[in-house]
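**Student:** sharing a model prediction with you, sequence too.
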Amino acid sequence: MVSRVIPVDPFDLVIFGGTGDLARRKILPGLYRRFLAGQMPEDARVIAAARSEMSDAEYRAMIREAIGEFVSKARQDKKAIEAFLKRLSYVAIDATGEDGWDRLKQATRRDVVQAFYFSVAPALFGPLAERLHNRGIACETCRIVVEKPFGHDLASAKALNATLAEHFHEGQIYRIDHYLGKETVQNLMAVRFGNMLFEPLWNAQYVDHIQITVAETVGVGGRGAYYDKSGAMRDMVQNHLMQLLCLIAMEPPAHFDPDAVRDEKLKVIRALDPVLPDEIVRGQYQARGKDPGYREDAENPASLTESFIALRLHVSNWRWKGTPFYLRTGKKLKARASEIAVVFKDPPHSIFGPQENRRGNVLAIKLQPNEGMTLRVTIKEPGPGGMRLVEVPLDMSFAEALGENGADIPDAYERLIMDVIRGNQTLFMRGDEVEAAWAWADPVIRGWEERGDRPCPYDAGTTGPEEAQILMHRDARRWREIRE
Ligand code: BG6
């Protein structure tokens, strides 16, 4: 199978925060891979802007090093890297002052696609937007890309939306949730709406429950200052897990276009019931041997911030009434494994008599690390001795099924940046979606803050606190195993 590269128009991509971690780890390596794939037109330019003084040559050297570190060795082609670096330039800029803006104006063109990536603290969104507008740098059709965290709560998210809206309309604003750029997440929509097989069963009549797990092995070391003010709820659930939930639970949109998809996602968030205190388990990892615990990593010995959370949610609409959604995510767990599992009900009557340990059909969509899908089905256990049933997986690894193209799944950022250039907002969050997600999360967070809830301790390298198991057992269900 040959992968198709759809060309994009010439563009100027300005990256504010161009020397930052995200730019070095994700944005520039992603652009390099698109360049390698032949998707960066001849006259596409990347202009990095940041506070420190630096020449173009010094910036290119920095990105040469970043490519060496963050792009797989197999993709490191010396000639290609140098050709790519020629597309980069650097402008030192004072985001809140006057310096550098004239140079930026000279460096950008108004007759190509313009995208301005705000890879900076949200406090700078306002000053940047204002200067781009007032100095006549941004053209009418330019695009603004912003990263999470998009607000800390509903009030701050509204304020950010209002700040951006002063100079740009919603059709120009691309709010990134990089989970939406993951190939398998998009596959979720392909599987649901591209097949006849699943959608008729995709409702409370046939689905017992749904599990969404995003398990990480990393801790918060190095980003403790940010994380401690955020916690798993703000860092992962309000955005990434919520987006996964929306894609799983939404009604089929009439078209695969930005507003049709985002309207349906918004309805899901608005249909969420308030979460009761006994439907949430919060956890915090403990020190193990020489491995520091959360409080040491966060450098806050009295921290009550959660590094793990499990929740039971209810989407109150006709499709899902009675089917709970269980979400969990955490740091320092036993494996890096993210998946969505749709657990179907048992057949209404077993013609084979009682069967022990039946576990029913499960469609598991694995997001990472090994993208793929498994459908667990029941068959007869081979051999004589009566009709004994056994469950086996119908397994599809995308890498195996799609050969070279499956193994070579692009990183989320590659995909999303190209969508910005194409002007396709389908995989970006609309302002009202973000606000609705905060409107749901705010009272949950306020609840545990007011009660002074303490997170349950858990050992690093496990599946999280025991209480998360109990949350499931109470409903006579169990979490799926966390494994790569
Ligand atoms: C980020 C969070 O948005 O997503 C991090 O801030 C988290 O805490 C990361 O580690 C996970 O992303 P991925 O793509 O590695 O699953």
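**Tutor:** Thanks, I have the structure now. Numbering: from 1, shown residues only.
**Student:** quick check: closest non-adjacent residue to the residue of the stretch 351-484 of the chain found nearest the ligand.
**Tutor:** Of all residues in the stretch 351-484 of the chain, the one sitting closest to the ligand is Q368 (6.1 Å; CB to the nearest ligand atom). Backbone N, C-alpha and C define where each C-beta goes, glycine included. Ranked by CB to CB, 6 or more residues apart in numbering and with sequence neighbours excluded, the top spatial neighbour of Q368 is S338, at 5.0 Å.
**Student:** for the stretch 151-300 of the chain, what spans make up the strands?
**Tutor:** Using DSSP state E, counting those that start in this stretch, the strands of the stretch 151-300 of the chain run over residues 173-175, 207-215, 280-286.
**Student:** what would those strands look like in a markdown table with mean neighbour count and mean pLDDT?
**Tutor:** Conversion of the strands of the stretch 151-300 of the chain to a markdown table gives the following (neighbours: other CB atoms under 10 Å; pLDDT from 0 to 100):
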| stretch | mean neighbour count | mean pLDDT |
| --- | --- | --- |
| strand 173-175 | 23 | 98 |
| strand 207-215 | 22 | 98 |
| strand 280-286 | 24 | 97 |
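**Student:** any chance of those in JSON lines, plus distance to I482?
**Tutor:** Formatted as JSON lines, the strands of the stretch 151-300 of the chain follow (distance: least, CB to CB, whole Å):
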{"stretch": "strand 173-175", "distance to I482": "29"}
{"stretch": "strand 207-215", "distance to I482": "5"}
{"stretch": "strand 280-286", "distance to I482": "14"}
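**Student:** tell me the phi and psi of the residue nearest to R175 when sequence neighbours are not counted?
**Tutor:** Nearest non-adjacent residue to R175, counting by CB to CB, 6+ apart: M429, 4.3 Å away. Backbone dihedrals for M429, given as degrees, to the nearest 10, come out at phi -80, psi 140.
**Student:** could you do the one 3 residues further on as well?
**Tutor:** Comment: the main-chain dihedrals of D432 come out as phi -70, psi -30, following degrees, to the nearest 10.
**Student:** wait, it sits on I269?
**Tutor:** No: with contact defined as CB atoms under 8 Å, D432 does not count as touching I269 (9.4 Å).
**Student:** looking at the two now, which is surrounded by more residues?
**Tutor:** Taking neighbours as other CB atoms under 10 Å, D432 and I269 compare with I269 leading, 24 against 16.
**Student:** for the more buried one, which residues are in contact?
**Tutor:** By CB atoms under 8 Å, 6 or more residues apart in numbering, the contact list for I269 reads M242, C246, E433, A436, A437, W440.
**Student:** which residue comes closest to it once chain neighbours are left out?
**Tutor:** A436 (4.3 Å).
**Student:** looking at it, that neighbour is touching L266, isn't it?
**Tutor:** Yes: A436 is within contact range of L266, at 5.8 Å (criterion: CB under 8 Å).
**Student:** so how far is L247 from the closest residue to the ligand within the chain?
**Tutor:** Distances between the chain and the ligand by CB to the nearest ligand atom are smallest at D235, namely 4.7 Å. For D235, the distance to L247 (CB to CB, to the nearest Å) stands at 20 Å.
**Student:** what does D419 give?
**Tutor:** From D419 across to L247, the span is 16 Å (CB to CB).
**Student:** spatially central residue in the chain, please.
**Tutor:** A centroid search over the chain (CA atoms, centre = their mean) returns Y179, at 2.1 Å, as the residue closest to the centre.
**Student:** pretty sure that residue is touching A412, no?
**Tutor:** Yes: when contacts are counted by CB under 8 Å, Y179 is listed as touching A412 (7.2 Å).
**Student:** follow-up on the earlier one: as TSV, the contacts of I269 with neighbour count, distance to the ligand and pLDDT would be great.
**Tutor:** Formatted as TSV, the contacts of I269 follow (neighbours: other CB atoms under 10 Å; distance: CB to the nearest ligand atom, whole Å; pLDDT from 0 to 100):
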residue	neighbour count	distance to the ligand	pLDDT
M242	27	12	98
C246	24	16	97
E433	23	16	97
A436	22	19	98
A437	27	14	98
W440	20	18	97
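**Student:** distance to R480 added to those, as TSV?
**Tutor:** Formatted as TSV, the contacts of I269 follow (distance: CB to CB, whole Å):
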residue	distance to R480
M242	20
C246	21
E433	28
A436	28
A437	25
W440	25
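**Student:** wait, which of those residues is closest to F256?
**Tutor:** Taking CB to CB as the measure, F256 sits nearest to C246 out of those, at 14.7 Å.
**Student:** which one is the closest one nearest to, not counting chain neighbours?
**Tutor:** Using CB to CB, 6+ apart, the closest residue to C246 is K265 (3.8 Å).
**Student:** that neighbour: how many residues sit nearby?
**Tutor:** K265 is flanked by 24 other residues according to other CB under 10 Å.
**Student:** if I pick it, what's in contact with it?
**Tutor:** Q243, C246, L247, M250, E433.
**Student:** take the residues you listed and lay them out in JSON lines including distance to D21.
**Tutor:** Formatted as JSON lines, the contacts of K265 follow (distance: CB to CB, whole Å):
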{"residue": "Q243", "distance to D21": "22"}
{"residue": "C246", "distance to D21": "28"}
{"residue": "L247", "distance to D21": "28"}
{"residue": "M250", "distance to D21": "33"}
{"residue": "E433", "distance to D21": "26"}
